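J.: no sequence on this one, just coordinates:
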């Protein structure tokens, strides 16, 4: 079992940055791929990025590549999402997830409760 708790969300002006954290419990954290997803009001859940267990491979949708960066610290059981040059359309609830990986939600078995990110124009 893995429990995930996101933090770091909040209100930021367009052009600003935020770093989200996802703290995991469980001794097997390092064996899971981690992903970030988001859901904006009235929209489908969207893949934001993923990172494999060793942190050496990250992947993002083309629309976010270059602005968002995922990293992980297995010693701290934490994965991070650095978001730069934020835009109002980035406003959403952001979720971290753990599982075998990939860009689809069914690749993840464990989910956090989410953290709200609001970008004002």
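T.: Done, it's in. Only a predicted model underlies this, so the values are computations on that prediction, with no experimental measurement involved.
J.: ok, what's across the strand from residue 6?
T.: Taking DSSP bridges as the rule, residue 6 bridges to residue 22.
J.: doesn't residue 111 make contact with residue 5?
T.: No - Residue 5 is beyond contact range of residue 111, at 10.9 Å (criterion: Cβ atoms under 8 Å). All C-beta spots, glycine's among them, are computed from the backbone N, C-alpha and C.
J.: Check the burial of the residue nearest to residue 32 when sequence neighbours are not counted by counting its neighbours.
T.: Nearest non-adjacent residue to residue 32, counting by Cβ to Cβ, 6 or more residues apart in numbering: residue 98, 4.1 Å away. Neighbourhood size, residue 98 [other Cβ atoms under 10 Å]: 25.
J.: what separates residue 98 from residue 46, distance-wise?
T.: Counting by Cβ to Cβ, to the nearest Å, the gap from residue 98 to residue 46 is 18 Å.
J.: about what we covered before: quick one, what contacts the residue nearest to residue 32?
T.: The contact partners of residue 98, taken as Cβ atoms under 8 Å, 6 or more residues apart in numbering, are 2, 4, 24, 29, 32-35, 108-110.
J.: Now, those that are in strands?
T.: Within the contacts of residue 98, residues falling in strands by DSSP state E are 4, 24, 33-35, 108-110.
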